[in-house]
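Visitor: Got a predicted structure plus its sequence, pasted below:
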Amino acid sequence: MDLFGDPAQWLPFTFAALMGVSILVYVVLDGFDLGVGVLFPFASDSEKDMMVASIGPFWDANETWLVLAIGLLLVAFPSAHGTILTALYLPVAIMLIGLILRGVAFEFRVKAPTPHKATWNWLFFAGSLMTSLSQGFMLGKYVMGLESTLGTWAFAMITAVFLTVAYSFIGACWLILKTEYTLQAKAVDWAKGGIWGLVLGLGLISLATPLVSPRIFDKWFTAPEIFWLAPLPILSGVTVYWLWRALGRLPNATDAGARTPFMLAITLFVFSFGGLAYSFYPYVVPEKLTIYEAASAPESLFIILVGTVFVLPMIAGYTALAYYVFKGKAAELRYD
């Protein structure tokens with residue numbers, strides 16, 4: 001336990017980092033398949049089948065990262081788990097209902113008789129929308145310090161809309177990568193529209209976060225930190241410009257550059273998450289509980305870490321294997 005110094009310091013930090021990575025991976029991976037569901041109303045019936053086929057091998061593995069993140073929060077920071085989930089009880093319940101709807105509709109829409117298929121398509125869209133909006137609402141409330149005022153609720157609802165747009169954008173980028181012909185061309189148009197919603201959402205959260213707390217404001221806008229952090233918004237702007245140029249070259253006859261929008265979308269998500277993580281560290285409950293105050297006993301954390309050393313590579317391994325096995329363009333989803 002003393003290998004890396006004081007276990008009361010390095011163990012909470014390690015688990016906070018593991019939890020942060022789990023959340024980031026979940027937001028990227030499940031974000032694109034939620035985004036595909038949000039885009040359902042804009043597609044034809046045959047295109048919906050191909051959209052579902054593009055996420056079919058991955059969506060279950062993607063959601064594992066959410067379970068891991070919440071599990072780490074519970075066992076490593078139990079007091080923070082209670083505080084956060086108490087404050088976010090309603091959106092968490094809505095998210096779980098949405099995830100259940102998605103899972104049921106995903107299976108039933110393929111097997112249902114033709115007259116009922118449209119109903120399951122709408123339920124798949126509804127589940128995707130509920131999950132995306134609830135996650136955005138939770139993000140907005142968290143940024144506002146989990147306070148319940150008219151202003152924080154308004155900000156949370158705006159964040160809910162923008163995160164949903166961000167999910168639809170990365171979902172469109174995924175469809176550009178995994179589909180062809182008419183659907184790919186539609187996905188390019190969806191991405192071109194969604195990128196501006198993504199930029200506005202990221203800008204809103206980036207501007208709001210320093211205004212919530214003088215501590216966060218000082219972390220960003222005092223010397224020398226402001227000079228060290230300046231590359232982050234600059235690189236984000238360059239990435240957005242690169243994204244727009246990449247979308248302008250698609251679709252094309254050789255499918256060249258189809259992977260680029262998705263990779264750049266991931267880059268934007270990473271930049272945004274990194275900025276939020278820097279802003280709130282060392283707090284796990286904004287301005288109330290630090291990771292060191294909320295952490296379990298070092299002895300407990302060390303035992304959990306031993307288990308994590310075995311579990312985490314397995315989760316990462318089968319996720320990577322799924323993406324490797326099903327690389328390339330999506331094929332028609334069939335159960336016969």
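Guide: Nice, I can see it. Residues are numbered from 1 along each chain as shown.
Visitor: could you pull out the helices for the stretch 201-336 of the chain?
Guide: 214-221, 225-229, 231-248, 260-280, 291-294, 298-325 (DSSP state H, counting those that start in this stretch).
Visitor: list the buried ones in the fifth one?
Guide: Applying a neighbour-count criterion of 16 or more other CB atoms under 10 Å, the buried positions in helix 291-294 are 291, 294. The C-beta positions use only the backbone N, C-alpha and C, and glycine is treated the same way.
Visitor: Would you mind pulling up the elements that it packs against?
Guide: The criterion is 3 or more CB pairs under 8 Å, 6 or more residues apart in numbering; DSSP states H and E, and the helices and strands that helix 291-294 contacts are helix 7-38, helix 78-87, strand 283-285.
Visitor: could these go into a markdown table alongside distance to residue 299, mean neighbour count and mean pLDDT?
Guide: Rendered in a markdown table, the data for the helices and strands packed on helix 291-294 read as follows (distance: least, CB to CB, whole Å; neighbours: other CB atoms under 10 Å; pLDDT from 0 to 100):
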| stretch | distance to residue 299 | mean neighbour count | mean pLDDT |
| --- | --- | --- | --- |
| helix 7-38 | 8 | 22 | 93 |
| helix 78-87 | 14 | 17 | 91 |
| strand 283-285 | 20 | 23 | 92 |
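Visitor: which stretch among these comes nearest residue 139?
Guide: Taking CB to CB as the criterion, helix 7-38 is the member of the helices and strands packed on helix 291-294 that comes nearest to residue 139, at 9.3 Å.
Visitor: hang on, the earlier thing: turn the helices of the stretch 201-336 of the chain into a markdown table, columns for mean pLDDT and distance to residue 79.
Guide: As requested, those are exported to a markdown table (pLDDT from 0 to 100; distance: least, CB to CB, whole Å):
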| stretch | mean pLDDT | distance to residue 79 |
| --- | --- | --- |
| helix 214-221 | 84 | 21 |
| helix 225-229 | 86 | 29 |
| helix 231-248 | 92 | 31 |
| helix 260-280 | 92 | 16 |
| helix 291-294 | 94 | 5 |
| helix 298-325 | 91 | 13 |
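Visitor: Figure out which of those helices is closest to residue 165.
Guide: Nearest to residue 165 among the helices of the stretch 201-336 of the chain is helix 260-280 (12.2 Å), distances taken as CB to CB.
Visitor: That closest one vs helix 7-38, what angle?
Guide: For helix 260-280 against helix 7-38, the angle by axes from the mean of the first three to the mean of the last three CA atoms, to 10 degrees is 140 degrees.
Visitor: re earlier: of all the helices and strands packed on helix 291-294, which one comes closest to residue 248?
Guide: Counting by CB to CB, residue 248 lies closest to helix 7-38 out of those; the figure is 20.7 Å.
Visitor: So which bits of the strand or helix carrying residue 121 are buried?
Guide: Mapping residue 121 onto the secondary structure by DSSP states H and E places it in helix 114-143. When burial is assessed from 16+ other CB under 10 Å, helix 114-143 yields the following buried residues: 117, 120-121, 123-143.
Visitor: by contact count, what packs against that helix?
Guide: Taking 3+ CB pairs under 8 Å, 6+ apart as contact, the helices and strands that helix 114-143 lies on are helix 7-38, helix 45-55, helix 89-111, helix 150-178, helix 181-212.
Visitor: Tell me the helices and strands packed up against the last one.
Guide: In this case it means helix 181-212. helix 45-55, helix 114-143, helix 150-178, helix 214-221, helix 231-248, helix 260-280.
Visitor: for residue 183, what are its contacts?
Guide: Taking CB atoms under 8 Å, 6 or more residues apart in numbering as the contact definition, residue 183 lies against 43, 47, 50, 51, 175.
Visitor: same thing but 6 Å
Guide: Shown in contact with residue 183 (CB atoms under 6 Å, 6 or more residues apart in numbering): 47, 50.
Visitor: so how far is residue 43 from it?
Guide: Counting by CB to CB, to the nearest Å, the gap from residue 183 to residue 43 is 7 Å.
Visitor: if we can go back for a sec, could you provide the helices and strands packed on helix 114-143 in a markdown table, with additional columns for distance to residue 252?
Guide: As requested, these are exported to a markdown table (distance: least, CB to CB, whole Å):
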| stretch | distance to residue 252 |
| --- | --- |
| helix 7-38 | 22 |
| helix 45-55 | 19 |
| helix 89-111 | 31 |
| helix 150-178 | 11 |
| helix 181-212 | 10 |
